[in-house]
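Q: What follows is a predicted structure for the sequence shown.
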Amino acid sequence: MRPLRASAFCLALCWTVAAGAQSAPAPKHSEESVDTTSLMPRYLLQDVRGRVVTQESFRGRFQLITFGFTSCPDVCPTTLLGFKNILEALGDKAERVQPLFITVDPERDTAELLREYTAAFDPRILGLTGSADLIERAARTFRVSYQKVREPGASPGIYTMDHSTGMYFLDTEGRFLVKFSINAPAQEITARIRSLMDADHSRPPGRRGNAPLR
């Protein structure tokens, strides 16, 4: 997506969210403390091109993952902007990181909408979707909770999603390393990621593992 198209998409997105806010309930986002000591993330989803992906698809690369939905008015855009800032701050090291945005609203988040939404922040961010059941299974392994919320009397298509927040960082074998708060400064997250990457002794992508999916 070209810069002008991305800017136009962002403006249209903001307008759509603002217009919908009058009829849809305001979303709630939970950043409650979650025990991550035994977290074993697993997922079987599809990317925006319809390719089946799992945590094994990115073997040899780190993964930076968050859950959300494209009509989210606040937390999700803030989180993906954080992704963009982190990737830019990492410089060349960003080539070893695959950022992923997993929708919790597959009913409305089509592959094309996911592609445009993530590209508006950074083209390196890959959107993932799947059946409601597969997304629920994936979220459970990250201990992410979410639910559809409607105002009384609202039509079926008018709703929002309440969901827990956070950025999950996985190592080059798809194992959980750390969960970052979305309120943590990007510089702090970047510094921690650099430290974790420097401590990893895996060979860089191109010599081991899969190439980035685009």
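A: Noted; the coordinates are in hand.

Q: Name whatever forms a beta bridge with H163.
A: H29, Y146 (DSSP bridges).

Q: Low-confidence ranges, this protein, go.
A: Across the chain, the ranges flagged by pLDDT under 70 are 1-37, 201-214.

Q: where along it do the helices fall?
A: Along the chain, the segments classed as helices by DSSP state H run 3-20, 75-90, 111-121, 132-142, 186-199.

Q: Identify all contacting residues around the fourth one.
A: The set of residues external to helix 132-142 that reach it, using Cβ atoms under 8 Å, 6 or more residues apart in numbering, is 39-45, 65, 67, 102-104, 106-107, 129-130, 145-146, 168. Every C-beta, even on glycine, is put in place using the N, C-alpha and C of the backbone.

Q: still on that earlier bit, and the helices of the chain as JSON lines, adding mean neighbour count?
A: Output for these, formatted as JSON lines (neighbours: other Cβ atoms under 10 Å):
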{"stretch": "helix 3-20", "mean neighbour count": "12"}
{"stretch": "helix 75-90", "mean neighbour count": "19"}
{"stretch": "helix 111-121", "mean neighbour count": "20"}
{"stretch": "helix 132-142", "mean neighbour count": "16"}
{"stretch": "helix 186-199", "mean neighbour count": "15"}
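
Q: Show me the one of these that comes nearest E56.
A: Closest approach to E56 among these (Cβ to Cβ): helix 132-142, 13.5 Å.

Q: Run the chain-centre distance for the closest one.
A: Here the centre of helix 132-142 is set off from its chain's centre by 14 Å, with Cα atoms, centre = their mean, to the nearest Å.

Q: Also stretch 100-109?
A: Its chain's average C-alpha position is 9 Å from that of stretch 100-109, according to Cα atoms, centre = their mean.

Q: Next: stretch 93-108.
A: 4 Å.

Q: which parts of it are buried?
A: Under the neighbour-count criterion of 16 or more other Cβ atoms under 10 Å, stretch 93-108 has 93-94, 96-106 buried.

Q: what about it, how long is it end to end?
A: One end of stretch 93-108 sits 34 Å from the other (Cα to Cα, to the nearest Å).

Q: Please renumber the chain so that the first residue is 18 from this point on.
A: Happy to do that; since the first residue is 18 now, the last one works out to stretch 110-125.

Q: what about D188, how many neighbours?
A: For D188, the tally of surrounding residues (other Cβ atoms under 10 Å) stands at 17.

Q: so T95 touches A201, yeah?
A: No. Using Cβ atoms under 8 Å, T95 makes no contact with A201, being 11.8 Å away.

Q: rewinding a little: filter the contacts of helix 149-159 down to the ones in strands?
A: L61, L62, I82, F84, I119, T120, T146, Y163, Y185 (DSSP state E).

Q: Which of these sits closest to T135?
A: Nearest to T135 among the ones in strands among the contacts of helix 149-159 is T120, at 10.1 Å by Cβ to Cβ.
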